[in-house]
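[1] predicted coordinates and the sequence they were generated for:
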Amino acid sequence: AALYERPEGDQKMNDQANAIRLIMALRRNGVTDTNVLSAIERMPRDFFVPQNFHDKAYEDTALPIGHGQTISQPLVVAMMTQELELNDRMTVLEIGTGSGYQAAILSQLCRRVYSIERLKPLLDVAQKRFEDLKIRNITSMHGDGYKGWPSVAPFDRIIVTAAAAQEPPPALMDQLAVGGIMILPVRLNALKEQLIKIRKTETGFTELPIMDVRFVPLVSEHDIYAAS
Ligand code: SAH
C-alpha cells in the first residue's frame, strides 16, 4: 500500500506512471534489491521536492531543494541504500538530512534512523514531512554531522549524503560499530568524486569503490573557520 494518497486526477495518474517508469530505470541500472525498490516505489518523492519541481519528481535526476542544496538522484539513493545491506534490526546514522527523502527511504528498511542536518530551515521542513507521512522512527537534529552523534553511537550503518574532502570524518569512523558499513562520497580531486563502501572489522577498515558521483560538499566547522 502507498504511504500517502496522492491527490486524485491526472496528476496522480502521471505520478504513478512515472514512479513505475523510474523503478524500471533503476532495475536496468543495477538496483536488484527488491526491498530497496519497493521502498522507493512506495515513497512519494514529489512530497520531498519544491512545488515547482513536482513534475520532475519521478525523473532520475537530482533537484534543487533551496539553500544551494539538492535532493540526490534516485539511482544514487537506491545504490547507496542497497550497499548499506540493511535489515529491520539496524540503527542507521545519516549525515545531511536535506529534504528528508533518503532518511524516509531508510526508515522503511531499518529499526531507527538518526539524521543530522546543519541547515536549520531544511531540517524544519524535513521534520514536518516525516510527521505528515507518519514516519515515527526517524530522530533528527540540527548540528554538525562531521562530529557524528556520540550519545547514541555506535551505529550499525552510516550514510553520508554530502562529499567529504579526501577522507571520511574520523568521528564517524569511531562511531561505526564493528561489523558495520559506512557509505560516503569522497572527493578525490577537483574532478573526481567516488562513492566508497567502508567496513569496520575487528582489526581495522576495508574500503571498496562503488561508483563515480557528484555531491554537494560536506561542510565542516574547520572549513567554515578556514574560509572566514
Ligand atoms: N540526504 C539528502 C541530501 C541532501 S544534500 C536528501 O535526501 O535530500 C546534503 C545535505 O548535507 C545538505 O542539506 C547540507 O546542508 C548537509 N550538510 C553538509 N555538511 C553537513 C554537515 N557537516 N553536517 C550536517 N549536514 C551537512
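    Structure's in. What do you need?
[2] spell out which parts of this protein neighbour the ligand.
    Residues of the chain lying close to the ligand (CB under 6 Å from any ligand atom) are 69-72, 95-96, 98-99, 101-102, 116-119, 122, 144-146, 161-162, 216, 218-220. All C-beta spots, glycine's among them, are computed from the backbone N, C-alpha and C.
[3] residue ranges with poor pLDDT in the chain?
    Applying pLDDT under 70 to the chain flags the ranges 1-8, 222-228.
[4] could you list the paired strands of the longest strand seen in it along with their orientation?
    Scanning the chain for the strand with the most residues, using DSSP state E, yields strand 176-187. Partners of strand 176-187 in the sheet, by DSSP bridges, are strand 155-160 (parallel), strand 164-165 (parallel), strand 193-200 (antiparallel).
[5] ranking these by burial, who's on top?
    strand 155-160 (a mean of 25; mean count of other CB atoms under 10 Å).
[6] and the contacts of it?
    Strand 155-160 has contacts (CB atoms under 8 Å, 6 or more residues apart in numbering) with 80-81, 84-86, 89-96, 102, 106, 110, 114, 145, 148, 168-169, 172, 175-177, 179-185, 218.
[7] for residue 130, find the nearest of the strands paired with strand 176-187.
    strand 155-160 (16.6 Å; CB to CB).
[8] closest to residue 21 out of the strands paired with strand 176-187?
    strand 193-200 (24.2 Å).
[9] keeping just the C-alphas, turn that closest one into PDB.
    Extracted in PDB, the C-alpha atoms of strand 193-200 (Å, rounded to 0.1, in the frame of the first residue of the first chain):
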ATOM      1  CA  GLU A 193      34.300  12.100  -6.600                       C
ATOM      2  CA  GLN A 194      33.700   8.500  -5.700                       C
ATOM      3  CA  LEU A 195      31.200   6.600  -3.600                       C
ATOM      4  CA  ILE A 196      33.100   4.500  -1.100                       C
ATOM      5  CA  LYS A 197      31.900   1.500   1.000                       C
ATOM      6  CA  ILE A 198      33.800   1.100   4.200                       C
ATOM      7  CA  ARG A 199      33.600  -1.900   6.500                       C
ATOM      8  CA  LYS A 200      34.800  -1.800  10.100                       C
END
